[in-house]
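K.L.:
What shape does this take:
(one chain, ligands or ions: 1)
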Amino acid sequence: MNAYSGNVKPALPDALEAEQALLGALMQNSDAYWRVAAFLKPIHFMEDIHKRIYETIGTMVSQGRSANPITLKPYLPASEMIGGITVAQYLVQLVAEAVTVINAYDYGRAIIEVWARSQIISQMEDIIQMARTMPIDMTPEKIIAHAAGELTRIAQEGNERAGSTKYGVLLPAAVTKAAQDSDNTAARIPWVLPEMSGALGDIRRGNLIGFMSDSGGGKTSLSLQQCRFAAERGFKSALFSIEVTEEEAALQAAAQSTRISLSRIDNYTLDTQETANLEREIASSTDLPFYIVGFGECSLSDIRIKAEAMVKSHGLDLIVIDHAKMISLPNPKDMFAERVNALYRGLKAIAKNLNVAIVILIQRNDEWKGRWKAGGSIRPIMGDAYGGSSVKQNLDVWFSLYRPEPLYQELIPTMPPERVREGELTKKQVMLGKLEQCRSRAWIINHKRRRGEPGKSPEIRFDGEYTQFLSTSEQLDEAFEGFL
Ligand SMILES: Nc1ncnc2c1ncn2[C@@H]1O[C@H](COP(=O)(O)OP(=O)(O)OP(=O)(O)O)[C@@H](O)[C@H]1O
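P.N.:
All right, here's what the predicted structure looks like:
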């Protein structure tokens, strides 16, 4: 291929072809990006236009979009000329001449090796120059230290690029990091309720956490509590609210922390004491790093842009997104399940790239009603998720908030009258008994925990007046679990 010869240094001629072959392969099959993404960065490319193309491909693929000459064109200087053709024509040519996507990893390795060689050469030229001229503020020791530092930097890229560091090299670093993290309380964000930390472990940066419940189950309520709780401990937290307005969310958070009835705040029918408490809450929340970000209908890339801007401007530790069903799905031509998976993959990529924890709220579907009619349990299972249980693979932690009270309240009026023998209870009476048993009770059901034991289902409390979840030390015992 000779459409674009660029300014490759004669001593290192092979990078250009590898760069072209890799970009062509990535535009043929965007999934191949993940074979190189862990070690290859735009700066490793020699050609400036290749850096831009690779960076743009990375952004699009991370958002779950496919990257090809058509979709990339608006983000590149398409009409600019290179080697006698436009950038748009060059993209098409790269795809047409791509040999295979199977070798994407090898092309990536070839690119970074040429990068490392050129870095070594240029560092050595600087060192030689420094040793020859010996500037006034330099000593041989300083030159050696500088050279060692630069070579170590290049070598570290080498380790990363291999993507296959030896166990014996990796282990000491992993042990040191685990020890540092265990001492470093700033590395992990605690859950608002100790029962949740016990069942789910602390919240870790870079993780994508799925939080499922029925509509009205309490996702928004618990999320507001969580964000405020984390912010009080210095973790910068944001609720990306797609469903409720910023003002509604703020009032609900205030009801929780002041324990003023939410309906009284909503209607502003407050007594003097409540007004004073609300004023105190306003004063004490001024410096709290708790952000409520209102969205209309939005896409994954809207979320990425907002999150990135917030990370850059004031830093961010935790983002809760309310909720998955409100985000428009990428890749309209694909099957539904594949599109939902692309959404979760994109969210995971944002969490990892920005080093923030993301909690995505997941609406539970109504399939439990069919199970109940067939005599089954109404407890949430993974298949109840919007998008199905396959979303599990992109989640580091996945739990349900199970609050049976509103579910029984919904079912009981639908039950037909029934004749029973004297002394026996109708099914409706049995259900009413269950409803009484689960008033103000809720459970955290752990579906998946990448690091730790799954399977715990601790009980918590819900106080509807303030839409506030509270701690309890009780566990869901076997007998009660069967009963529900
Ligand atoms: N402004 C309010 N006034 C009174 N009760 C409220 C208010 N907002 C929420 N609630 C109640 O709090 C409970 C939990 O609601 P929440 O909005 O947290 O659930 P959710 O899981 O986020 O629901 P959805 O998915 O439908 O948004 C529900 O029973 C709801 O009726």
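K.L.:
Could you give the average pLDDT over the helix or strand encompassing Glu248?
P.N.:
Here Glu248, judged by DSSP states H and E, is contained in helix 246-258. Averaged across helix 246-258, pLDDT comes to 91.
K.L.:
helices or strands next to the next helix-or-strand element following it in the packing?
P.N.:
On the C-terminal side of helix 246-258, the closest following helix or strand by DSSP H and E is helix 262-267. For helix 262-267, the elements it packs on are helix 246-258, judged by 3 or more CB pairs under 8 Å, 6 or more residues apart in numbering; DSSP states H and E. The way it works is simple: take the backbone N, C-alpha and C, and place the C-beta from them, glycine included.
K.L.:
Which helix runs longest in the protein?
P.N.:
As assigned by DSSP state H, the longest helix anywhere in the chain is helix 104-133.
K.L.:
buried residues in it?
P.N.:
Buried residues in helix 104-133, counted by 16 or more other CB atoms under 10 Å: 104, 107-116, 118-119, 123, 127, 130.
K.L.:
before we move on, back to that, show me how far the helix holding Glu248 is from its chain's centre.
P.N.:
25 Å (CA atoms, centre = their mean, to the nearest Å).
K.L.:
Need the CA coordinates for it. PDB is fine.
P.N.:
This file holds the C-alpha atoms of helix 246-258, laid out as PDB (Å, rounded to 0.1, in the frame of the first residue of the first chain):
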ATOM      1  CA  GLU A 246     -32.900  17.200  39.600                       C
ATOM      2  CA  GLU A 247     -35.300  19.100  42.000                       C
ATOM      3  CA  GLU A 248     -37.400  16.000  42.800                       C
ATOM      4  CA  ALA A 249     -34.200  14.100  43.500                       C
ATOM      5  CA  ALA A 250     -32.900  16.900  45.700                       C
ATOM      6  CA  LEU A 251     -36.100  17.000  47.800                       C
ATOM      7  CA  GLN A 252     -36.100  13.300  48.200                       C
ATOM      8  CA  ALA A 253     -32.500  13.300  49.400                       C
ATOM      9  CA  ALA A 254     -33.400  16.100  51.900                       C
ATOM     10  CA  ALA A 255     -36.400  14.100  53.200                       C
ATOM     11  CA  GLN A 256     -34.100  11.100  53.900                       C
ATOM     12  CA  SER A 257     -31.400  13.100  55.700                       C
ATOM     13  CA  THR A 258     -33.700  15.400  57.700                       C
END
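K.L.:
So what touches the helix or strand harbouring Leu72?
P.N.:
Assigned by DSSP H and E, Leu72 falls within helix 69-72. Helix 69-72 has contacts (CB atoms under 8 Å, 6 or more residues apart in numbering) with Met27, Ile53, Thr56, Ile57, Met60, Arg65, Ala88, Leu91, Val92, Val95.
K.L.:
returning to what we had before: which neighbouring elements make contact with the helix holding Glu248?
P.N.:
helix 219-232, helix 262-267, helix 272-284, strand 290-294.
K.L.:
can you list the ones you listed in CSV and add distance to the ligand and mean neighbour count?
P.N.:
CSV is the format used below for the helices and strands packed on helix 246-258 (distance: least, CB to the nearest ligand atom, whole Å; neighbours: other CB atoms under 10 Å):
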stretch, distance to the ligand, mean neighbour count
helix 219-232, 3, 23
helix 262-267, 4, 14
helix 272-284, 15, 12
strand 290-294, 14, 18
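K.L.:
Between the ones you listed, which one is closest to Ala78.
P.N.:
Nearest to Ala78 among these is strand 290-294 (33.0 Å), distances taken as CB to CB.
K.L.:
Now the closest one: average pLDDT?
P.N.:
92.
K.L.:
same thing with stretch 119-139?
P.N.:
89.
K.L.:
So which residues lie in contact with it, not counting its own?
P.N.:
Ala11, Pro140, Ile143, His146, Ala147, Glu150, Leu151, Ile154.
K.L.:
Considering those, which is situated nearest to the ligand?
P.N.:
Using CB to the nearest ligand atom, Ile154 comes nearest to the ligand of the contacts of stretch 119-139, at 50.0 Å.
K.L.:
quick one: the closest one and Tyr268, what's the gap?
P.N.:
64 Å (CB to CB, to the nearest Å).
K.L.:
what about these two, which has more around it?
P.N.:
Between Ile154 and Tyr268, counting by other CB atoms under 10 Å, Ile154 is the more crowded of the two (15 against 10).
K.L.:
what helix or strand does that one sit in?
P.N.:
Using DSSP H and E, Ile154 falls in helix 140-162.
K.L.:
Using CSV, write out every CA atom in that helix.
P.N.:
C-alpha atoms of helix 140-162 as CSV (Å, rounded to 0.1, in the frame of the first residue of the first chain):
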residue,chain,number,x,y,z
PRO,A,140,27.5,12.3,34.7
GLU,A,141,25.4,10.9,37.6
LYS,A,142,22.4,13.0,36.6
ILE,A,143,22.8,12.0,33.0
ILE,A,144,22.9,8.3,34.0
ALA,A,145,19.8,8.7,36.3
HIS,A,146,18.0,10.5,33.6
ALA,A,147,18.8,7.7,31.1
ALA,A,148,17.8,5.0,33.6
GLY,A,149,14.5,6.7,34.2
GLU,A,150,13.7,7.1,30.5
LEU,A,151,14.7,3.5,29.7
THR,A,152,12.5,2.2,32.6
ARG,A,153,9.6,4.2,31.3
ILE,A,154,10.0,2.6,27.9
ALA,A,155,10.5,-0.9,29.4
GLN,A,156,7.3,-0.4,31.5
GLU,A,157,5.4,0.2,28.3
GLY,A,158,7.0,-3.0,27.1
ASN,A,159,5.6,-5.0,30.0
GLU,A,160,2.2,-3.6,29.5
ARG,A,161,2.3,-4.1,25.7
ALA,A,162,3.2,-7.8,26.0
